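Visitor: need a structure here:
(chains A and B)
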There are 2 protein chains.
Amino acid sequence: MDLELVTVGNELLLGFTHDTNARDLALAVAPAGGRIVRRATVGDEPHAIGDAVGQALARTGFVVTSGGLGPTSDDLTREAVAKELRRELKVDQSVLDDIVARFAKLRPGPMPASNRKQAEVPAAAEVLANAHGSAPGLWIDDDRGTVVLLPGVPSEFRAMAAEYLVPRIRERSGTAHRVQSRTLRTTGISESALADRLAESVASLADVEVAFLPSLRTVDIRVTASGEADVVSRRLDEAETLLRPILADDLYGAAEEDLAATVLEMLRQRDARLAVAESCTGGLIAARLTEVAGAGDTFLGGIVTYGNKAKTRDLGVQEDLIARVGAVSVEVAEAMVRGVTDRFGVDAAIAVTGIAGPSGGTSEKPVGTICLAAAWRGEIRVVKRHVPGSRYQVRRRAAQAALDLLRRML
Amino acid sequence: MDLELVTVGNELLLGFTHDTNARDLALAVAPAGGRIVRRATVGDEPHAIGDAVGQALARTGFVVTSGGLGPTSDDLTREAVAKELRRELKVDQSVLDDIVARFAKLRPGPMPASNRKQAEVPAAAEVLANAHGSAPGLWIDDDRGTVVLLPGVPSEFRAMAAEYLVPRIRERSGTAHRVQSRTLRTTGISESALADRLAESVASLADVEVAFLPSLRTVDIRVTASGEADVVSRRLDEAETLLRPILADDLYGAAEEDLAATVLEMLRQRDARLAVAESCTGGLIAARLTEVAGAGDTFLGGIVTYGNKAKTRDLGVQEDLIARVGAVSVEVAEAMVRGVTDRFGVDAAIAVTGIAGPSGGTSEKPVGTICLAAAWRGEIRVVKRHVPGSRYQVRRRAAQAALDLLRRML
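Guide: Presented below is the predicted three-dimensional model:
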């Protein structure tokens, strides 16, 4: 069942408030068979609100609005929708009684007159009680379609969407309809290379949508299917069975799984311990590893050697090696990984040195040059690469590449 | 100057991706006199994209799109806008050369064919170079108005909005109406305590709006004024002059400034060097410090002692001390800060030990117990606190509190 969402509020347009209702609604209605096909955000202006609701009704026939139901002069959704649907607004006595009673419980003294307008209801509209705030919602079935008005406060919006919208959408869309997704996470390969490699298989998958979602760390492959519950599961299973072998080693996990968690789990299965030595990533890898609950069983610690002295003192990197080949070199990365392995007495280790920028680059070693080393039970691999981007991006790409280097050795 | 934003992507409608570009754009254009008057989000569907752009053009005459410029088959914004504006798409050789060159730098082997379509340019469109990704932007001045196509990846979108959009909007909007904000950052004090302390001053400020924005690290105070450019500046200056002395030591910076940068700058002014010893924060503090460009002049390095052995071996914390008072104790935090100060030979140091959870808590030392120590030229301060929240939150609150402990000593 298709629907549109219109979120109302100057503060949304000004960027002062994060518009979380759109995301929350999308995730709430999907399992019930609802799909948001378009969204609009307008300011606190009756003409813009009415216009957006009218257009959405004409296109899709089912509109949810969020916001503009409060007591102040810039809360105008109720009036704008009533006008657009040519319905009169009248104070509903039982709604007014509820609001007065609620107010008396919260504060002493008389209710401000402005709250009275929250009791105004368009002709033939259904009032949706709001257990968490003073603004009731409204449900209007019109010749042109359905308009559902919900308050904008995220906790109230979420609760009322769950109470009123989701069950009715499930009813309208048929009990078995589902939209379901699975995510396969890859790393160490570009979005376009993945797209090319999977093109044929993706084309062969009927009724399954495949999206590529690149980020600094990963390229996620999201597979989405819709239809009756058992059909959806089967389609997703088929897609996964088809894609997994093609992704092979570039696939490291599912859903929201972080590569750091994958590496820790692989080490745990091998009863191994890990330590890290970081220069340009400056603690990022250690911080990611320790984000994982229970990391302490596997991860023993790390050394952040931002200065060269620390590389020599704490990791035993020879001073003359640094003088000869420079701190950013595969030789120093290798010496760092040996040093941290010995120091912590671990089976596995990672070391990173590089030039994160913005300064410090040379024509021979420009900003973005990273040298990585990984050690696994005596074997050592080193890599020198150039990664693009800002200081922030170079550091994160280096951390990800270093974790991935170790993963591929395990 | 009014503009509209059309964000494109199924993943936005499905709620899989946070739509941060709308907020970023609103905040970026406001000081230049730009105002987003309406937003739409559509899926990866040419008809919907063209329709949304066409309507926005008819209403407002200036449209920015975000997303759908990538190399894959679901990237359709370029085609949809060209069709809506009845312009032919042709491969631009110099754009193609740039993309090929960029690709060659990043990876060996030939460029995937799918990247080629990123070089397609509508007739008479201006190509906007993208320094951070392969998708260039497009600027089209049409009889019906202006359409600006930007990539959806947030970092690319932000950088290109700042480079191309903001200056041209400033030029077009002249000195007319401005909405401008300034942010004062505080730490170590609660939102409600701040609100109480500032209540009287805030009430005395005419034509200035004050908002309190709490986060894991800080409570930001955002002061907003609108009007002609010089009036706005004067109002913001007045507000800042009034509020700064009241905030006193709880104020540490402005705008987006991180406490780690503040601490590094204070140390640099004192010609001092810093090292850190981290247990429960596991590298978070080192990672934040090294996020700051040029940190290496001041920050020499750190030790992540996740296991107790490393605390003894690398920081000289006595084994029997840990056995007697436990690893999470002010005594161990103090021994850690002494150890790291001696090891690195620095003027300033921070040490953190704590229980981040979810497991490991006891009735005496529940999850959220943190022990911090800071050293500054021979003086040492230690603090034991309990902070609320998840593992993620406890770790970040501990890192922030430790940096703040050192800041208040300087």
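Visitor: and stretch A:144-161 with chain B, contact?
Guide: No. Shown here: stretch A:144-161 not in contact with chain B (Cβ under 8 Å from any Cβ of the partner chain), separated by at least 12.1 Å. For every residue, glycine as well, the C-beta is placed using N, CA and C.
Visitor: Endpoint to endpoint, that stretch covers what distance?
Guide: 22 Å (Cα to Cα, to the nearest Å).
Visitor: chain center to that stretch, what's the gap?
Guide: Stretch A:144-161 sits 23 Å away from the centroid of its parent chain (Cα atoms, centre = their mean, to the nearest Å).
Visitor: Give me the residues contacting that stretch.
Guide: A:7-9, A:20-21, A:24-25, A:28-29, A:53, A:57-58, A:60-70, A:77-78, A:81, A:85, A:128, A:130-133, A:135, A:137-140, A:164-165 (Cβ atoms under 8 Å, 6 or more residues apart in numbering or on different chains).
Visitor: Give me the mean pLDDT for it.
Guide: Across stretch A:144-161, the average pLDDT comes to 94.
Visitor: What residues of it count as buried?
Guide: Within stretch A:144-161, the residues scored as buried using 16 or more other Cβ atoms under 10 Å in any protein chain shown are A:145-153, A:156-161.
Visitor: Under the pLDDT cut-off, which ranges of the stretch 251-400 of chain A? List them.
Guide: Within the stretch 251-400 of chain A, no range satisfies pLDDT under 70.
Visitor: who touches A:H47 in this structure?
Guide: Going by Cβ under 8 Å, 6+ apart, A:H47 touches A:A80.
Visitor: Please identify which helix or strand holds it.
Guide: helix A:46-60 (DSSP states H and E).
Visitor: do the very next helix or strand once past that helix and chain B meet at all?
Guide: Reading on from helix A:46-60 to the C-terminus, the next helix or strand found by DSSP H and E is strand A:62-66. No. Using Cβ under 8 Å from any Cβ, strand A:62-66 stays clear of chain B, coming no nearer than 13.1 Å.
Visitor: Please narrow the contacts of stretch A:144-161 to those residing in helices.
Guide: Among the contacts of stretch A:144-161, the members falling in helices (DSSP state H) are A:20-21, A:24-25, A:28-29, A:53, A:57-58, A:60, A:77-78, A:81.
Visitor: Now A:L403: closest residue in space, sequence neighbours ignored.
Guide: Spatially, and ignoring its direct neighbours in sequence, A:L403 is nearest to A:L259 (4.9 Å; Cβ to Cβ, 6 or more residues apart in numbering or on different chains).
Visitor: and that neighbour, how many neighbours?
Guide: Per other Cβ atoms under 10 Å in any protein chain shown, the neighbour tally for A:L259 reads 22.
Visitor: In a helix, A:D220, correct?
Guide: No. Counting by DSSP: H, G, I helix; E, B strand; the rest coil, one finds A:D220 to be strand, located in no helix.
Visitor: Would you enumerate the residues in contact with the residue nearest to A:L403?
Guide: With Cβ under 8 Å, 6+ apart, A:L259 has these contacts: A:R185, A:T187, A:R217, A:T218, A:Y252, A:G253, A:Q400, A:L403, A:D404, A:R407.
Visitor: so the residue of chain A positioned farthest from its centre is in which element?
Guide: Computed with Cα atoms, centre = their mean, the residue of chain A farthest from its C-alpha average is A:D320, at 46.5 Å. A:D320 is part of helix A:319-325 when elements are defined by DSSP H and E.
Visitor: The residue most central in space within chain A and chain B, how far apart?
Guide: Closest to where the C-alpha atoms of chain A average out (Cα atoms, centre = their mean) is A:E256, at 8.7 Å. Noted for A:E256: a distance of 11 Å to chain B, by Cβ to the nearest Cβ, to the nearest Å.
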